[in-house]
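K.L.:
for reference, the sequence and a predicted model appear below.
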Amino acid sequence: MNSIITKKTFMICAIILLALSGRVLATPMPDFTLPSAVDGKDISSDDFKGKVLLVTFFATWCPPCRQEIPSLIQLQRDLSAKGFSVLGLSLDEGGADIVNELVQHDNINYPVLMADSEVVSGFGGVTGIPTSFLVSHEGKMVRTYAGYVPHELLKQDIEEIIPQEVKKSQRARGGKAGKKTPEPARSTE
């Protein structure tokens with residue numbers, strides 16, 4: 001009997017742990033100012049205040065990172081009017097030029113910045129890529145994802161935390177709501 005109770009307790013704890021494994025304690029997103037991979041202009045975390053963010057750490061040479069780009073582009077397209085933005089943070093060591101080539105080639109429609117060790121540390125460290133953090137409109141990191149994440153899961157999680165007043169406002173106006181997100185500048189070369 002004792003063995004059965006122990007096994008059931010273990011199973012319940014394991015299920016709870018698995019359910020919460022992607023969640024982070026609602027810790028504040030770190031403040032940062034980083035250069036755009038496209039034009040080198042500094043972009044600050046303050047530029048995204050009040051927005052729901054999906055911050056993704058990636059590299060141009062990483063196959064799963066490249067695989068998720070079309071999904072991130074679609075999320076930006078579908079949800080930016082609701083006060084959401086994807087924010088790409090490149091860990092490439094080869095410099096901004098190679099990242100800018102990827103932005104142009106893939107027509108990336110969300111801001112892409114060059115990460116530094118300080119921002120990586122501020123997010124709690126990144127041990128593999130892609131690694132993404134879902135940030136609430138209050139600036140709190142509420143979920144983390146390691147590796148490639150299916151589009152529908154990301155969309156569901158993002159829509160769950162978009163503030164209700166933004167959703168209601170958008171429905172009432174039948175249009176767009178939210179502050180405009182800095183978009184990557186397109187090179188004319």
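P.N.:
Nice, I can see it. Numbers count the residues shown, from 1 in each chain.

K.L.:
quick check: the gap between L153 and I69.
P.N.:
16 Å (Cβ to Cβ, to the nearest Å). Any C-beta I mention is one placed from the backbone N, CA and C, and that applies to glycine too.

K.L.:
what about the helices in the chain?
P.N.:
2-20, 63-79, 96-105, 117-122, 151-161, 164-173 (DSSP state H).

K.L.:
mean pLDDT for those helices: which is lowest?
P.N.:
Mean pLDDT is lowest for helix 2-20 among the helices of the chain, at a mean of 43.

K.L.:
what bridges to the spatially most central residue of the chain?
P.N.:
For the chain, L54 is the residue whose C-alpha lies nearest the centre (Cα atoms, centre = their mean; 1.9 Å). Beta-bridge partners of L54, counted by DSSP bridges, are V86, L134.

K.L.:
give the contact list for it.
P.N.:
In this structure, L54 makes contact with L72, L75, F84, S85, V86, L87, S132, F133, L134, V135, L154, I158, judged by Cβ atoms under 8 Å, 6 or more residues apart in numbering.

K.L.:
now the third one, nearest residue through space, not along the chain?
P.N.:
Spelled out, that is F84. Distances taken as Cβ to Cβ, 6 or more residues apart in numbering put V52 closest to F84, at 4.6 Å, once the chain neighbours are dropped.

K.L.:
pretty sure that neighbour is in contact with V135, am I right?
P.N.:
Yes - V52 is in contact with V135 according to Cβ atoms under 8 Å; the separation is 6.8 Å.

K.L.:
okay, D39 and F32: tell me how far apart.
P.N.:
Taken as Cβ to Cβ, the spacing of D39 relative to F32 amounts to 17 Å.

K.L.:
okay, these two: which has more neighbours?
P.N.:
Ranked by neighbour count (other Cβ atoms under 10 Å), D39 and F32 place F32 first, with 19 against 13.

K.L.:
state the pLDDT value of the more buried one.
P.N.:
In this model, F32 carries a pLDDT of 97.

K.L.:
and for the one 10 residues further on?
P.N.:
The per-residue pLDDT reported for D42 equals 97.

K.L.:
just give me the neighbour total for it.
P.N.:
11.

K.L.:
now Y145
P.N.:
Y145 has 18 neighbours, counted by other Cβ under 10 Å.

K.L.:
give the contact list for the residue lying closest to it once chain neighbours are set aside.
P.N.:
Sequence neighbours aside, S132 is the residue nearest to Y145 in space, at 4.5 Å (criterion: Cβ to Cβ, 6+ apart). Counting by Cβ under 8 Å, 6+ apart, S132 makes contact with L54, V55, T56, F57, T144, Y145, V149, L154.
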